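**Q** Show me the folded form of this:
(one chain, ligands or ions: 1)
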Amino acid sequence: MFENLSERLGGVFDRLTKQGALSEDDVRTAMREVRVALLEADVSLPVARQFIKAVEKKATGAAVTKSVTPGQQVVKIVHDELVHVLTGDEDPGKLKIDSPPAPILMVGLQGSGKTTTTAKLAKRLKEREGKKVLMASLDTNRPAAMEQLAILGTQIGVDTLPIVRGEDPVAIARRAKTQASLGGYDVYMLDTAGRLHIDEELIAQAAAVRDVANPRETLLVVDGLTGQDAVNVAEEFDDKIGVSGVVLTRMDGDGRGGAALSMRAITGKPIRFVGLGEKMDAIETFEPERIAGRILGMGDIVSLVEKAQEVLEAEQAERMMKRFQKGQFNMNDLKGQLEQMLKMGGMQGMMSMMPGMAKMQKQLDDAGMDDKVIKRQIALIQSMTKKERANPALLQASRKKRIAAGAGQDVSDLNKLLKMQRQMSDAMKKLGKMGKKGMMKGGLG
Ligand code: GDP
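**A** Next up, the predicted model:
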C-alpha cells in the first residue's frame, strides 16, 4: 500500500521543533513529499508541478496551530488547495434538463461504463426529481450493447426506445427525439457507441448525433482507473465534440483519484458524478472533499486540524469572557473590540454579536461613531504605554496630555475614550454577576 502523505510529512517534520509559522525551507521540503504523493495518486506531472507552485505560495509563512504538527498543517493546506482546484462554478449534480424533452448525450470509450452510467443517471432523475426519462442506445455496431440498455431499463423501470435493426445512429437519435416529444418525456438520454480507442469514425458519428439532438448536456464517461489516459481521452472528446461535464467511473476501486485532479486542471471541465460500483444506485454527485482526501491518502488530518482551530478559537473566547466577567476590560480589550468593529464593517454587525450591548450601541450612535472615529480612538490607545493600556486608572493629567498629543488629538477626545472603557468595564462586570445565562444575546440593555 501507499504510505500516506501525512505519514511522509510527519517524518519530514519530526526533527523540526514546533514553531509559530512554516518557513520557506520547511515548505520546500514538504512539497517534495507532496509531489511524490500526487504522482503516486496518478496526477500527471505538469499538473502536479503547477499545483505545488500554488500550494508553496500559500503554505510559506502560514501559522501553525498549537495542537497540530507542522506536517498536519501542511496536509490541511494541500487539501484545501485540492478542493479549491476541483470545485467547479456550478452544482455538479444539477443537470440542465429544463425545457422538455431535454436531450442528454452520453459519450465515452467502450468499457468506460457509459451504458451503466446512462441507466444510473436515468434512475436518479426518475427517483430524485420525478422525471419521465427515455433512454436510447445508438450503438449499432454492438447489438448486445443495445440489449444491455433495454435490460437495464426494465430493471430500473425506465423506458427505452424500441430497437429497430439496421437503423443508423442519427436516425435513432431523430426517432428518440420524436418519441420523447410525443410521449411527454422530460428527458431523453442518448447512449452513443463506444470504441476501444478514439477514432475518426467514432468522433464523426458522435458529432452527427450531437448536431441532430442539440443536447443540453454532453457527459463524457471515463474510467477513473485509467489515470493519464483518461485525461487524454477527455481532451480529445472535448476538443471534437464539446463536453459539459465528466463522469468518473470505477471510483469504488483502489485508484487514487488523481485522474480527477488532472482532468479538471487540464480540460477545465467539471467532474459531475462518480460511479462507485456496478449496482444501479452506485453513483454519487462529485464531492471535491472526498476526492481530495483520497488523493492525499488520509481522511482525519483535515478534520483534526479544523477541530484544533475551532478549539483554539473557543479557548480564546472563553478566556476573554472570564476576564470580562471579572470586570477586567482594559484598553487592550477595547482596542481589540474597536478593531473588530472596523473589520466587521461597522457597529451593527459587532453589537449584535456582543452580549447585552444594545445600550452601548445607542451611546455610540449618539456619539456619531463611524470608521473615522474608531480609527482615531485606536490611535489614542496606540499612543499609550503597555502599562497604561493594561491599567487605564494610571491616566492622570500629565499622561493624558502626552497621549493626546501623541495621537494628534485633544485631551477631551481621550476623556471620551476613557469613559467608554469604564462603561464597558461596568457593563461586563454586571453581566458577570448575572452569570452565564445573562451572557446570552440581549441579556442586558
Ligand atoms: P460501456 O461499454 O462504456 O457502455 O460500459 P458498460 O456500462 O457496459 O460497463 C462495463 C463494465 O463496467 C460493466 O461490467 C459495469 O458493471 C462496470 N461498471 C460500470 N461503472 C462502474 C463503476 O462505477 N464501478 C464498477 N466497479 N464497475 C462499473
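**Q** Name the nearest residue to residue 410, sequence neighbours excluded.
**A** Of all residues not flanking residue 410 in the chain, residue 404 sits nearest, at 5.8 Å (Cβ to Cβ, 6 or more residues apart in numbering). Glycine gets a C-beta too; all of them are placed from N, C-alpha and C.
**Q** Make sure the one you found is actually in contact with residue 414.
**A** Yes - at 4.8 Å, residue 404 and residue 414 qualify as touching, with contact defined as Cβ atoms under 8 Å.
**Q** just to revisit the earlier point, how deep is the residue nearest to residue 410 tucked in, by neighbour count?
**A** Using other Cβ atoms under 10 Å, residue 404 has 19 other residues around it.
**Q** show me what contacts residue 338?
**A** Residue 338 makes contact with 374, 377, 378, 381, according to Cβ atoms under 8 Å, 6 or more residues apart in numbering.
**Q** Report the residue ranges of every domain in this protein.
**A** 5-89, 102-285, 326-438 (automatic domain parsing).
**Q** Point out the most buried one among those.
**A** Mean neighbour count (mean count of other Cβ atoms under 10 Å) peaks for domain 102-285 among the domains of the chain, with a mean of 20.
**Q** quick one: is that one near the ligand?
**A** Yes - using Cβ under 6 Å from any ligand atom, domain 102-285 reaches the ligand at 108, 110-116, 194, 249-250, 252, 275-278, 282.
**Q** What are the boundaries of the helices in the stretch 51-200 of the chain?
**A** 70-86, 114-129, 143-156, 169-182, 200-213 (DSSP state H, counting those that start in this stretch).
**Q** Can you convert the ones you listed into a markdown table and add a column each for mean pLDDT?
**A** As requested, these are exported to a markdown table (pLDDT from 0 to 100):
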| stretch | mean pLDDT |
| --- | --- |
| helix 70-86 | 83 |
| helix 114-129 | 96 |
| helix 143-156 | 95 |
| helix 169-182 | 96 |
| helix 200-213 | 92 |
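**Q** need the contact list for the nearest residue in space to residue 194 that is not next to it in sequence.
**A** Nearest residue to residue 194 in three dimensions, chain neighbours excluded: residue 110, at 3.5 Å (Cβ to Cβ, 6+ apart). Each residue near residue 110 by Cβ under 8 Å, 6+ apart is listed here: 193, 194, 195, 196.
**Q** Adding pLDDT, write these out as TSV.
**A** Below are the contacts of residue 110 laid out as TSV (pLDDT from 0 to 100):
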residue	pLDDT
193	88
194	82
195	78
196	77
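**Q** so which pair among the residues you listed is furthest apart in space?
**A** 193 and 196 (11.4 Å; Cβ to Cβ).
**Q** that older thread, quickly name whichever of the contacts of residue 110 is closest to residue 330.
**A** Nearest to residue 330 among the contacts of residue 110, with distances taken as Cβ to Cβ, is residue 194, at 72.4 Å.
**Q** Pretty sure that closest one sits against residue 106.
**A** No - using Cβ under 8 Å, residue 194 is not in contact with residue 106, being 9.5 Å away.
**Q** Touching stretch 253-268 from outside, list them.
**A** Stretch 253-268 has contacts (Cβ under 8 Å, 6+ apart) with 2, 38-44, 47, 50-51, 82, 85-86, 88, 222, 224-228, 230-231, 234-235, 238, 246, 248, 251, 269-271, 286, 291, 294-295, 297.
**Q** Pull up the distance across stretch 126-136, start to finish.
**A** 16 Å (Cα to Cα, to the nearest Å).
**Q** Can you list the neighbours in contact with it?
**A** Identification of contacts with stretch 126-136 by Cβ under 8 Å, 6+ apart yields 97, 101, 118-119, 122, 125, 149, 153, 156-161, 172-173, 175-176, 179-180, 183-191.
**Q** Chain neighbours aside, what residue packs nearest to residue 374?
**A** Nearest residue to residue 374, sequence neighbours excluded (Cβ to Cβ, 6+ apart): residue 338, at 5.2 Å.
**Q** gap between that neighbour and residue 377?
**A** Distance of residue 338 to residue 377, given as Cβ to Cβ, to the nearest Å: 6 Å.
**Q** ok, residue 103 touching residue 212?
**A** No - Residue 103 is beyond contact range of residue 212, at 9.2 Å (criterion: Cβ under 8 Å).
**Q** who touches both of the two?
**A** Listed contacts common to residue 103 and residue 212 are residue 177; contacts here mean Cβ under 8 Å, 6+ apart.
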